[in-house]
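Visitor: Next input, structure requested:
(chains A, B, C and D)
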2 protein chains.
Amino acid sequence: MQPGDLETRLVAAGVELLAEAGTDALSLREIARRAGVSHGAPRRYFPTHQALLAAIAREGYRKLGTVVAETIGESGAQPRAALLALARRYVDFARNEPGMFALMFRHDLLRGNNIGLREQSTPLFGVLVKLLTQARLAQPTAGAAALWAALHGIAQLWHWGTLQVVTGFDTPEPLLVAAVDAHLKG
Amino acid sequence: MQPGDLETRLVAAGVELLAEAGTDALSLREIARRAGVSHGAPRRYFPTHQALLAAIAREGYRKLGTVVAETIGESGAQPRAALLALARRYVDFARNEPGMFALMFRHDLLRGNNIGLREQSTPLFGVLVKLLTQARLAQPTAGAAALWAALHGIAQLWHWGTLQVVTGFDTPEPLLVAAVDAHLKG
DNA sequence: GGCAAGCGGTAGACAGTGTCTACGCGACGG
DNA sequence: CCGTCGCGTAGACACTGTCTACCGCTTGCC
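Guide: Model (predicted):
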């Protein structure tokens, strides 16, 4: 048996498989095969297939969280520049890890609190609120939520190709600028 | 055999089933059972399960299109009022038909052009562009795309409960106002 | 009128899935 | 030495999507 307990090995195998073959390939049995165990083994650690998927998605939230933290660290205190950098990273994440991005926002995983959604997303949201407060926004909470939703919507619709189709643009940059500037002027 | 050819009956059965039991229940065989035919019958009209799902999703786009058209008809020529009405309808659609909303934006259905995405979404987008042009926006195309993405993001994240968790709000209204006003001032 | 052809649906097979259950092996404590 | 128990195996079950062979019924044609 290889190093590491099976629980973490299963999640790691899932992340690998997700990156290589996409969401559809993430069957319970295939993950188990990747980890070198029988199809019944995951049940010891994850009561259901969805629970395993949720654990894999949680890994994505962790990664996105560190990306955000890095971005905030790199970019200066200028709210606009920081927000734009953040927006680009968000869209890049969706593009570079499409499978993970799709998995992270599957509604059926979010119901119940399979993922510690509150724990995972609150700090990210806090960063936005802080930046908008620095920009002296009247209602930073509503603004931050709206901006987050806007960035998420751009990432998702761009990822699907919808926005390319309707706008004819070949980069999401103008949309990011429009979204950030719009919310900063609110 | 009941009225209507099997193709439309299958789609109708799918829409029903989707509303009653959600996305997961939309198996090929269950839809066929609902329509009163054997599991092999759908194959005559839809080469694959995904094709049938895409046809069902297309029905959702049609419905959303008519809702948008109605909203524009009802509300006056005031861009802000019209946009807010539109935003509320969009979020309401996501809340009232969660299964359909989830199906419509499943990325695996969007790849390839299973759904006539361009045909379905371009008119909706055109409405937004027109309203923003009326509001004398500098770059109506980018603004309309960003606003659409924002509304979609709010509808989706609200639907999942994410925004309730981080903001503590119990209605998406402040977010809609923030999004619309922000993009109007751009 | 008889008959071939083909449309539209049935039925069974096949590999694969998630979940459940019974079993087994190996280490560890008494 | 033996029981216990954690951890993984292996098989069964119902169900899925796809493929293929079949079959009845209508339709067109000579």
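Visitor: number of nearby residues for the residue of chain A found nearest DNA strand D?
Guide: Nearest residue of chain A to DNA strand D (C-beta to the nearest atom of the strand) works out as A:Gly40 at 2.8 Å. C-beta coordinates here come from the backbone N, C-alpha and C atoms, glycine included. When counting by other C-beta atoms under 10 Å in any protein chain shown, one arrives at 10 neighbours for A:Gly40.
Visitor: contacting residues for it?
Guide: Taking C-beta atoms under 8 Å, 6 or more residues apart in numbering or on different chains as the criterion, A:Gly40 is in contact with A:Ala32.
Visitor: need the residues of chain A near DNA strand C, please.
Guide: If contact is defined as C-beta under 7 Å from any atom of the strand, the residues of chain A in contact with DNA strand C are A:27-30, A:39-40, A:43, A:47-50.
Visitor: quick one on the thing from earlier: so what's the residue of chain A closest to DNA strand D scoring on pLDDT?
Guide: In this model, A:Gly40 is scored at 97, pLDDT.
Visitor: before we move on, what about A:Phe46?
Guide: pLDDT, A:Phe46: 96.
Visitor: One more: the one 3 residues further on?
Guide: Confidence per residue is given as pLDDT, and for A:His49 that number is 97.
Visitor: Longest helix in chain A, please.
Guide: helix A:49-74 (DSSP state H).
Visitor: Quick check: can you list the domain ranges of chain A?
Guide: For chain A, automatic domain parsing gives the domain ranges A:1-46, A:58-185.
Visitor: which of those domains sits most buried?
Guide: domain A:58-185 (a mean of 19; mean count of other C-beta atoms under 10 Å in any protein chain shown).
Visitor: Taking chain A, what residue is nearest to chain B?
Guide: Distance from chain B to each residue of chain A (C-beta to the nearest C-beta) is smallest for A:Gly153, at 2.9 Å.
Visitor: ok, that residue touching B:Ala150?
Guide: Yes - with contact defined as C-beta atoms under 8 Å, A:Gly153 reaches B:Ala150; the gap is 5.6 Å.
Visitor: What helix or strand is the residue nearest to A:Val67 when sequence neighbours are not counted located in?
Guide: Of all residues not flanking A:Val67 in the chain, A:Arg89 sits nearest, at 5.4 Å (C-beta to C-beta, 6 or more residues apart in numbering or on different chains). For A:Arg89, the host element (DSSP states H and E) is helix A:79-96.
Visitor: Against which helices or strands is the longest helix of chain A packed?
Guide: helix A:6-21, helix A:28-35, helix A:79-96, helix A:98-104, helix A:107-110, helix A:117-134 (3 or more C-beta pairs under 8 Å, 6 or more residues apart in numbering or on different chains; DSSP states H and E).
Visitor: go again using 6 Å as the cut-off
Guide: Helix A:49-74 is packed against helix A:6-21, helix A:79-96, helix A:98-104, helix A:107-110, helix A:117-134, with contacts defined by 3 or more C-beta pairs under 6 Å, 6 or more residues apart in numbering or on different chains; DSSP states H and E.
Visitor: chain center to it, what's the gap?
Guide: Centroid separation between helix A:49-74 and its chain, computed with C-alpha atoms, centre = their mean, to the nearest Å, is 6 Å.
Visitor: Same question for stretch A:29-46.
Guide: 25 Å.
Visitor: just the CA coordinates of that stretch, formatted as PDB?
Guide: Taking Å, rounded to 0.1, in the frame of the first residue of the first chain, the C-alpha atoms of stretch A:29-46 are listed here in PDB:
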ATOM      1  CA  ARG A  29     -15.400   3.200  -9.400                       C
ATOM      2  CA  GLU A  30     -12.900   5.000 -11.700                       C
ATOM      3  CA  ILE A  31     -11.600   7.000  -8.800                       C
ATOM      4  CA  ALA A  32     -11.200   3.900  -6.800                       C
ATOM      5  CA  ARG A  33      -9.300   2.200  -9.600                       C
ATOM      6  CA  ARG A  34      -7.000   5.200  -9.900                       C
ATOM      7  CA  ALA A  35      -6.300   4.900  -6.200                       C
ATOM      8  CA  GLY A  36      -5.600   1.200  -6.600                       C
ATOM      9  CA  VAL A  37      -8.400  -0.100  -4.400                       C
ATOM     10  CA  SER A  38     -11.700  -1.900  -5.000                       C
ATOM     11  CA  HIS A  39     -14.900   0.000  -5.700                       C
ATOM     12  CA  GLY A  40     -16.200  -0.700  -2.200                       C
ATOM     13  CA  ALA A  41     -13.300   0.900  -0.400                       C
ATOM     14  CA  PRO A  42     -14.200   4.500  -0.700                       C
ATOM     15  CA  ARG A  43     -17.400   3.800   1.300                       C
ATOM     16  CA  ARG A  44     -15.300   3.600   4.500                       C
ATOM     17  CA  TYR A  45     -14.400   7.300   4.200                       C
ATOM     18  CA  PHE A  46     -17.200   8.800   2.100                       C
END
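Visitor: Give me the residues contacting stretch A:81-93.
Guide: Here stretch A:81-93 makes contact (C-beta atoms under 6 Å, 6 or more residues apart in numbering or on different chains) with A:64, A:67, A:71, A:75, A:131, A:151, A:155, A:172, A:176, A:180.
Visitor: now with 8 Å?
Guide: Defining contact as C-beta under 8 Å, 6+ apart, one finds that stretch A:81-93 is touched by A:63-64, A:67-68, A:71-72, A:74-76, A:101, A:127-128, A:131, A:147, A:151-152, A:154-155, A:158, A:172-173, A:176-177, A:179-180, A:184.
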